[in-house]
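Asks: using only what follows, build the 3D model:
(one chain, ligands or ions: 1)
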Amino acid sequence: MTPPQLVVHRDKELMAQAAAARLITRIVDAQAARGHASVVLTGGRNGNGLLAALAAAPARDAVDWARLDLWWGDERFLPEGDPERNVTQAREALLDAVPLDPARVHAMPASDGPYGKDVDEAAAAYAAELAAAAGPEDHGRVPAFDVLMLGVGPDTHVASLFPELPAVRETERSVVGVHGAPKPPPVRVSLTLPAIRAAREVWLLAAGEDKAEAAAIALSGAGEIQAPAAGAYGRSRTLWLLDAAAASQLPRALYPPASA
Ligand SMILES: O=C(O)C(O)[C@@H](O)[C@H](O)[C@H](O)COP(=O)(O)O
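Replies: Reported below is the predicted structural model:
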């Protein structure tokens, strides 16, 4: 497990802008090194705020959008085009404004797609799509994503892995259908913790006072079944990007830094 590094920004606007700048740099570096990059997007206000900041950043043109694979950490299992779907919101915030290769935009299935209302079939299909994209160098059934982003919920959920529910206990499958999620809608598709941990870098985004307790719990040694965010880490880096409000209850040993 890579120990979390913390970056605390003054407010959520600055956090979104700084994270967008960081993401541009990370994508450009990966494309320079390997010719392509892969990023996993998250739903929620913090993730969409980052995408909107990226859309407004002049440096966004440094990214070769046609050589970027986009995946999702979770999806609300709703009909195609539903405004509550994470992919719909990501399209509005950024994706429609940049020249992506549609074949590299790996949206999770919708509830009116080929698997109909069967969310478990839809999850299995997404797992197969991930497995097909994984190469021998990835050492697993999921590509080693360059960056995987996760919004942190006030109850410490990440993706659609909620405390104590079966999805957070999954150790075999890379993608699962989620039933009875406490955050609406109740039916969702989610990457599991093992799939999340295939990423090179995992970035957790938390802004606002309602995230302060969750951040403090997840960063204080809680177990991943009770606090799913505690189980989200990357192969080479785990980064918590917070605003001051979300960092306000962190143990003093973590923040502010000892020298401050
Ligand atoms: O589909 C979703 O709802 C999510 O992906 C979810 O995990 C989200 O990222 C968190 O609930 C944080 O959401 P906020 O950034 O809006 O607080």
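
Asks: tell me the residues of this structure that contact the ligand?
Replies: Within the chain, the positions near the ligand by CB under 6 Å from any ligand atom are 42-47, 74, 76, 86, 151, 153, 157-159, 183. In short, each C-beta sits where N, CA and C put it, glycine included.

Asks: which among these end up buried?
Replies: 42-44, 46-47, 74, 76, 86, 151, 153, 157-159 (16 or more other CB atoms under 10 Å).

Asks: so which of the residues you listed are in strands?
Replies: Using DSSP state E, the members of those that fall in strands are 74, 76, 151.

Asks: give me the nearest residue to residue 134, chain neighbours excluded.
Replies: Distance criterion CB to CB, 6 or more residues apart in numbering; nearest residue to residue 134, sequence neighbours excluded, is residue 143 at 4.9 Å.

Asks: and the one you found, how far from residue 25?
Replies: From residue 143 across to residue 25, the span is 20 Å (CB to CB, to the nearest Å).

Asks: more neighbours: which of those two?
Replies: residue 143 (22 against 13; other CB atoms under 10 Å).

Asks: surely residue 213 and residue 154 touch.
Replies: Yes - in this structure, residue 213 is within contact of residue 154 by CB atoms under 8 Å, at 7.2 Å.

Asks: in helices, which of the buried ones among the residues of the chain next to the ligand appear?
Replies: 46-47, 86 (DSSP state H).

Asks: name the nearest of the residues you listed relative to the ligand.
Replies: When these are ranked by distance to the ligand (CB to the nearest ligand atom), residue 46 comes first, at 3.5 Å.

Asks: check contacts around that closest one.
Replies: Applying CB atoms under 8 Å, 6 or more residues apart in numbering, we find residue 46 in contact with 12, 15-16, 151-152, 205-207.

Asks: and those, which two are furthest apart?
Replies: 16 and 152 (14.6 Å; CB to CB).

Asks: residue ranges with poor pLDDT in this structure?
Replies: 257-260 (pLDDT under 70).

Asks: any idea how far the closest residue to the ligand within the stretch 51-200 of the chain is from residue 224?
Replies: Closest residue of the stretch 51-200 of the chain to the ligand, CB to the nearest ligand atom: residue 151 (2.5 Å). Plainly put, residue 151 is 17 Å away from residue 224 if you go by CB to CB.

Asks: now do residue 42
Replies: For residue 42 relative to residue 224 (CB to CB), the value is 17 Å.

Asks: how about the residue in the stretch 1-150 of the chain that the ligand sits nearest to: what's its closest non-neighbour residue?
Replies: In the stretch 1-150 of the chain, the residue that lies nearest the ligand is residue 44 (2.5 Å; CB to the nearest ligand atom). Among residues not flanking residue 44 along the chain, residue 151 sits closest, at 3.6 Å (CB to CB, 6+ apart).

Asks: for the one you found, give me its contacts.
Replies: Neighbour list for residue 151: 42-47, 158, 204-206 [criterion: CB under 8 Å, 6+ apart].

Asks: now residue 220
Replies: residue 251.

Asks: wait, is it part of a helix?
Replies: No - read with DSSP: H, G, I helix; E, B strand; the rest coil, residue 220 is coil and lies in no helix.

Asks: what are the phi and psi values for it?
Replies: Dihedral angles of residue 220 (phi, psi; degrees, to the nearest 10) stand at phi -110, psi 20.

Asks: measure it to residue 90 for me?
Replies: Distance, residue 220 to residue 90, by CB to CB: 31 Å.
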